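Enquirer: Take a look and give me a structure for this.
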Amino acid sequence: MPLVHPALLGLTPAHPIRSGQFGEDLPAQAPGGAAETCAGTATGAAGLAGLLAGGTLAADVLRDEGEPLDTATLVELAGRLAAAERLWRPVVRHDPDKRWYTRLLLTGVVEVWLIGWFPGQHTAVHDHGGALGALAVADGAVEEDIHAPHGGSWEPRGTRRYDKGRVVAFGADHVHRVINRTQAAATTVHAYSPPEVPLRYASPDGSVAVPAASQLTARVAPFARQRAATVAAAR
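Expert: Presented below is the predicted three-dimensional model:
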């Protein structure tokens, strides 16, 4: 059963959503908490399906199991949600002390995050554990520092800037850091498939660090665990 943020149902939460540092520490928020609701009712499912209406997007996304989504579907999903400003604008926060985020959607095949970037805020250098992904800029602009493996570490290979309205996809082996180098706040939407696959981060010396168990989500779906194991075995 999908877990859907009230924002996607056109509801503004009564209280601020828990903030955190996405990309450095995974959130401790558990499914079914104040910031999420099950889309099992007719109203909830219909509302989200309406946002995803057209073609097979709703059927592809709102699944409890099955093959992960491809990058084209992730781009479409992230782009649609980023364009739905009326839904995310009342929810997003830009905290000068730490990067803000909340999960908008979790199904058996995808997770979607809304992130608020105050000027200067950034992630650590990381990959996505073999998941495919898409990043959509809903407001402002962010930059992506691309990295690539070399001699047991991840080395910078270039920077790309993405302005409002831009949607980009990345593959299973992509390594990057996202940063807001502008003087204005930015808002982005991120979609990953399969969902809840543990990330890896770069140590200060540039070497690859596998997060400790306490840093990883405890809600990894069975097929996501299998996916992560398969990717690790292939390296």
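
Enquirer: Point me to the helix or strand that includes the nearest residue to L81 once chain neighbours are set aside.
Expert: Distances taken as Cβ to Cβ, 6 or more residues apart in numbering put V189 closest to L81, at 4.9 Å, once the chain neighbours are dropped. No exception for glycine: its C-beta is placed from N, CA and C like everyone else's. Assigned by DSSP states H and E, V189 belongs to strand 186-193.

Enquirer: Remind me what that strand packs against, helices and strands.
Expert: Using 3 or more Cβ pairs under 8 Å, 6 or more residues apart in numbering; DSSP states H and E, the elements in contact with strand 186-193 are helix 71-83, strand 111-117, strand 132-139, strand 141-150.

Enquirer: Turn the ones you listed into CSV, columns for distance to A202, mean neighbour count and mean pLDDT.
Expert: Below are the helices and strands packed on strand 186-193 laid out as CSV (distance: least, Cβ to Cβ, whole Å; neighbours: other Cβ atoms under 10 Å; pLDDT from 0 to 100):
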stretch, distance to A202, mean neighbour count, mean pLDDT
helix 71-83, 23, 21, 97
strand 111-117, 19, 25, 98
strand 132-139, 17, 24, 98
strand 141-150, 7, 17, 92
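
Enquirer: what would the ones you listed look like in JSON lines with distance to R89?
Expert: Shown next, in JSON lines, are those (distance: least, Cβ to Cβ, whole Å):
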{"stretch": "helix 71-83", "distance to R89": "11"}
{"stretch": "strand 111-117", "distance to R89": "10"}
{"stretch": "strand 132-139", "distance to R89": "8"}
{"stretch": "strand 141-150", "distance to R89": "17"}
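
Enquirer: do you know which of those lies nearest N180?
Expert: Of all the helices and strands packed on strand 186-193, strand 111-117 sits nearest to N180, with 3.9 Å by Cβ to Cβ.

Enquirer: Tell me which residues are up against the closest one.
Expert: 5, 7, 22, 77-78, 81, 88, 91-95, 99-106, 138, 140, 142, 178, 180, 185-193, 195-196 (Cβ atoms under 8 Å, 6 or more residues apart in numbering).

Enquirer: Buried among those? Need that as a selection in ChimeraX.
Expert: To isolate the buried subset of the contacts of strand 111-117 in ChimeraX, counting by 16 or more other Cβ atoms under 10 Å, use the following:
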select :5,7,22,77,78,81,88,91,92,93,94,99,100,101,102,103,104,105,106,138,140,142,178,180,185,186,187,188,189,190,191,192,193,195,196
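
Enquirer: Low-confidence stretches in this structure?
Expert: By pLDDT under 70, the low-scoring segments of the chain are 11-47, 206, 209-235.

Enquirer: Roughly how far does R63 sit from P149?
Expert: Distance, R63 to P149, by Cβ to Cβ, to the nearest Å: 32 Å.
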